[in-house]
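**Student:** can't give you the sequence, but here's the structure:
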């Protein structure tokens, strides 16, 4: 590649222009869409691609979308035919086996032409509230094949030379539960791509196509070089780890992602050989999704200042055997694929944690995050007879890391969405939120404590409704590292704290569809906390005292997990603490192996 | 009679005065004094005017801003609905960087032990579904008394629909905590809008700043009286209007962007005198650059912003800040990637050319090496720059790693910082649905006029307007701003079903309040103007567009016009519009303006010749070509004169670089540059 001709300043000017364009796509989407999940939750991602379908630039969107977007562009070309694109076309798709991820994620791909020549692509992926199928919200926890999960859209032109194909649009809207929202949201996805088109063409008009293409190539080469330089600092070797999901919603057995990260010089092979076979339930991750989980982990583990683009992916080879939960065969059900991506992320991170840390730039590591998107749906009909579907995917805690506690109340690393304001929910849905708070003792004990997760209680005000859940981390909590304990598992209850309290999904922990709800019934959702890092007995007792004062940690956990004793005023009892820690160091306490009863 | 404006910056205190009878402007500068800025302010004022003649003093300060950034506000407690004390800490759960797992998120302003949950609940329709537990409020007050708390915020769910519980809570707190009576902020007054995190954060921020700002104003007033200065004080607010100090003391969040707002208002005023209504402003100082848009003569506003990582939802001028200033540092990383900013050398050690120990090359160093800055001319009136130090720093840190000469590297640094500012300008134009080519650029601040013409050319603008005193534009803006109050109330309805009588009722209550406020500001009834607007959106959307309302007593025709205007505004911004029945009203806004006399700019004499340069110097353009350019002194220039290009214009507070274009001096004293 001849990249010597463009000066570094022009490269920077052009690539920062592309980055601004990708961010601007997101702004267009947020401000013009009409679903809460778009405009409050920001559950979408946008990117600009070069003509060779490499991701050139994206904004601060969802990592889980970004690594798989290139697959959408490539499948669009494959399905539609490279010579059949015209200026003004936009392609829609959601088929997980043809460039999509899970059905609710609908992708819009727009070829960008300049003077008749295809010069690049704008693409974005956004989560729609409902794409039909068995249950409102289209997260059917007991689905056994993709057909049950909603409308499947292969790559087809929704917009033809600037005109909406109303026949395809009608076909789509006839199959979803909230057609009015969806039409408007699809058009806002098209608008976002037109923003990409405008920005790319402006740059080409100003600097000329060859220069812009060279800038893109140089920027990707730079990112590739920097990732390689970081990997080259890791000792060669095979690093193995695994992580599991609770079950597949059909059989209550944990399913495991096994990964070997093979560091070879300045590249890595991420090999999933040995991972469990694809499952009957909807917990399968298509290859694009799996790739997202791998790429995001490598980027987080190396250097977060590296400009994210397709160049970052080049040093990474992925081996994902077909027929496993990380690369299922059609027509596997796969709505819960996003759950597997969390497991993949945490498995790969754990493997990277095996790399020796006495090197100049050790892996930027943390213990497991909440490890689930905690998908929860409340649906029904309001007093006015109108259908409602509320989709919640609340935050949890991140793992502790060397020198710092895990971040509390933050979206899982695979995503980066916003929570829905309580007041926005109550103004729109027949629901009342009774509480929204941090969960005491949810952060895994450690020298560096895991981040706290949250609890949200929903009270149904409509005459009747339903609850659907598709989550994890009730059976398999987020792991701790280097002696740190695991984070508190997730929990889903009905009528918590009342005599009628019971588990909402006793059979599978966090997977159940259409649990009937009565008026004033309360659903309590508690997400999982982050894992701890390092031995909790080494935690600075003053930090534990502060955690108790703040209510992050109970006195009981201070005693059991941290060996810290507080006096009646809540101040540190140094002598008792020293004695308590000696006792705990001498042998396991009467508690569970993890230190704290679940 | 004389009016004065003072802008207290980090390094300098600027004063501009205007003599009402002649319109003559006088500018003076003095070093900002610490910790009490008043001596510096009085010193600068003394240079400019005889204080006994002073009628009003407009005041811009970064006091509140600095308190947030240095975390030096009050020890604050929060009372909130039971079950929701963590709203402040949970925030909105997203992160600004994708892959930085060690990103530092600021600690909540109120630590958890000082957040008290009160049993009470108001529903989405304003009905009270759980009565206020007054005993719990008293118990919280007892804790607060013991904990050494200095201010209190109260934020209950849906208080914007029904403030009763918050009002009662404040009454009880004042009984229980008389010492804190002036330092209680309730959310239904601070920000009566939905979204509990943003409202809580805004309310807490206000409480956090109240004691500090209130005490500061009290002391200021006493000091001014002691020095026999009895002028009427007016504070600059983030919305570009003035307000009496008592109100700013109760709502210090009103002043968080007080500094940059002045410069935007000055640009709008200058535009008015030049007949220019579409402007982009570029205020480039030592560490950062503030940009804003002005459409139809009015600065664009926004409804929320972030400071120090904390959300503040309050109407402010739509000012966008990027880390691009004269002190921005240029670097090349190990992989040959060059960047400029956001890191800055600040004023200490400052750019390499200051010779104060700064080793790293900055934008100022690049301008010096290119000949745009004069090595014989004091920067900021106090330092003679050293061109050799500048060249060496650029050579070592940028030139050598990239295989470029110092001059070539300097060109690169200027191009990059220009690109950063260009992206910022695009944010406030293109991202708001506006074509920047319809706008003229007003660059100011110490470094804005150095870079403005190039940036304008990159954005394909046609005209650049350089204000008469670019380095004191903020003070000038304070002098040309009106008194202003922005009021908001929630009124939710589908627009086509809205009863005009309900809207009239809401507006008349707000109008009364605005009249009361303006009365207290000393504005005579003749000088008052009220105007109203509606925040509307399409059903389901989460972001509103504010559309002006043609009348304060709207009838059905006025409402239907507002719907039409909303469609148009949406189409302009996003390219499409939807049906009438989909338009929802969310909030009603009313602005009360109190007119102040405006400064006259420029003199009467008009010349028609070409200006005389003082000297000539070799200047290198961003294209890399060197040529001899005339060097003007700003004080020599007369209205009506034309200027050669390329050329440089020097003045104490700023250096203007005109690489090309047709330049002339306008009657106001502004330099107008028309680009090809």
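**Tutor:** Great, that's in hand. Because the structure is predicted, anything quoted here is derived from the model rather than measured.

**Student:** Nearest to chain A within the stretch 551-676 of chain B, name that residue for me.
**Tutor:** residue B:574 (4.7 Å; Cβ to the nearest Cβ). Every C-beta, even on glycine, is put in place using the N, C-alpha and C of the backbone.

**Student:** That residue: neighbour count?
**Tutor:** Neighbourhood size, residue B:574 [other Cβ atoms under 10 Å in any protein chain shown]: 18.

**Student:** ok, it touching residue A:27?
**Tutor:** No. Using Cβ atoms under 8 Å, residue B:574 makes no contact with residue A:27, being 10.0 Å away.

**Student:** Which residues of the stretch 101-250 of chain B lie near chain A?
**Tutor:** B:101-103, B:105, B:111-113, B:123-124, B:129, B:157-158, B:194-198 (Cβ under 8 Å from any Cβ of the partner chain).

**Student:** hmm, which of those residues are the buried ones?
**Tutor:** Among these, the ones that count as buried by 16 or more other Cβ atoms under 10 Å in any protein chain shown are B:101, B:111, B:112, B:123, B:124, B:157, B:158, B:194, B:195, B:196, B:197, B:198.

**Student:** that older thread, now intersect the residues of the stretch 101-250 of chain B next to chain A with the strands, please.
**Tutor:** Among those, DSSP state E puts residue B:129 in strands.

**Student:** So which of the residues of the stretch 101-250 of chain B next to chain A sit within helices?
**Tutor:** With helices taken from DSSP state H, the overlap with those comprises B:196, B:197, B:198.

**Student:** Wait, the first one touches residue A:425, no?
**Tutor:** No. Contact criterion Cβ under 8 Å: residue B:196 and residue A:425 do not qualify, at 10.4 Å.

**Student:** do you know how far residue A:58 is from residue A:47?
**Tutor:** To residue A:47, residue A:58 is 4 Å away according to Cβ to Cβ, to the nearest Å.

**Student:** List the residues that contact residue A:16.
**Tutor:** Neighbouring residues of residue A:16 by Cβ atoms under 8 Å, 6 or more residues apart in numbering or on different chains: B:419, B:420, B:423.

**Student:** Generate TSV for those, with secondary structure, pLDDT and distance to residue A:267 as supplementary columns.
**Tutor:** Shown next, in TSV, are the contacts of residue A:16 (DSSP: H, G, I helix; E, B strand; the rest coil; pLDDT from 0 to 100; distance: Cβ to Cβ, whole Å):
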residue	secondary structure	pLDDT	distance to residue A:267
B:419	helix	92	33
B:420	helix	91	34
B:423	helix	88	34
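
**Student:** Restrict those residues to those that also contact chain A, please.
**Tutor:** Within those, those near chain A by Cβ under 8 Å from any Cβ are B:419, B:420, B:423.

**Student:** in stretch B:498-514, what counts as buried?
**Tutor:** Buried residues in stretch B:498-514, counted by 16+ other Cβ under 10 Å: B:498, B:503, B:504, B:506, B:507, B:510, B:511, B:514.

**Student:** Could I get the average pLDDT for it?
**Tutor:** The average pLDDT for stretch B:498-514 rounds to 96.

**Student:** can you map out the helices along chain A?
**Tutor:** Secondary structure of chain A by DSSP H: the helices cover A:8-32, A:36-39, A:63-66, A:69-80, A:166-173, A:179-207, A:209-232, A:287-302, A:337-352, A:422-428, A:541-550, A:555-560, A:574-586.

**Student:** so what's residue 345 up against?
**Tutor:** Just going to use chain A. Each residue near residue A:345 by Cβ under 8 Å, 6+ apart is listed here: A:293, A:296, A:297, A:369, A:413, A:414.

**Student:** that answer is for a different chain, and I need it for chain B
**Tutor:** B:327, B:329, B:351, B:352, B:358, B:360, B:362.

**Student:** Identify the residue spatially nearest to the fifth one, adjacent ones excluded.
**Tutor:** What it means is residue B:358. Once flanking residues are discounted, residue B:358 sits nearest to residue B:349: 3.7 Å by Cβ to Cβ, 6 or more residues apart in numbering or on different chains.

**Student:** how would you label the one you found: helix, strand or coil?
**Tutor:** coil (DSSP: H, G, I helix; E, B strand; the rest coil).

**Student:** And the residue lying closest to residue B:610 once chain neighbours are set aside, how far from residue B:516?
**Tutor:** Among residues not flanking residue B:610 along the chain, residue B:642 sits closest, at 5.1 Å (Cβ to Cβ, 6+ apart). According to Cβ to Cβ, residue B:642 and residue B:516 sit 52 Å apart.

**Student:** residue boundaries of the strands in the stretch 451-598 of chain A?
**Tutor:** Ranges of strands within the stretch 451-598 of chain A are A:454-460, A:464-470, A:491-494, A:502-503, A:511-518, A:522-526, based on DSSP state E, counting those that start in this stretch.

**Student:** on that earlier part again, let me have the helices of chain A in CSV, extended by mean pLDDT and distance to residue A:464.
**Tutor:** Shown next, in CSV, are those (pLDDT from 0 to 100; distance: least, Cβ to Cβ, whole Å):
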stretch, mean pLDDT, distance to residue A:464
helix A:8-32, 86, 33
helix A:36-39, 82, 22
helix A:63-66, 88, 34
helix A:69-80, 95, 39
helix A:166-173, 97, 26
helix A:179-207, 92, 23
helix A:209-232, 96, 53
helix A:287-302, 96, 35
helix A:337-352, 97, 28
helix A:422-428, 94, 18
helix A:541-550, 97, 40
helix A:555-560, 97, 39
helix A:574-586, 95, 51
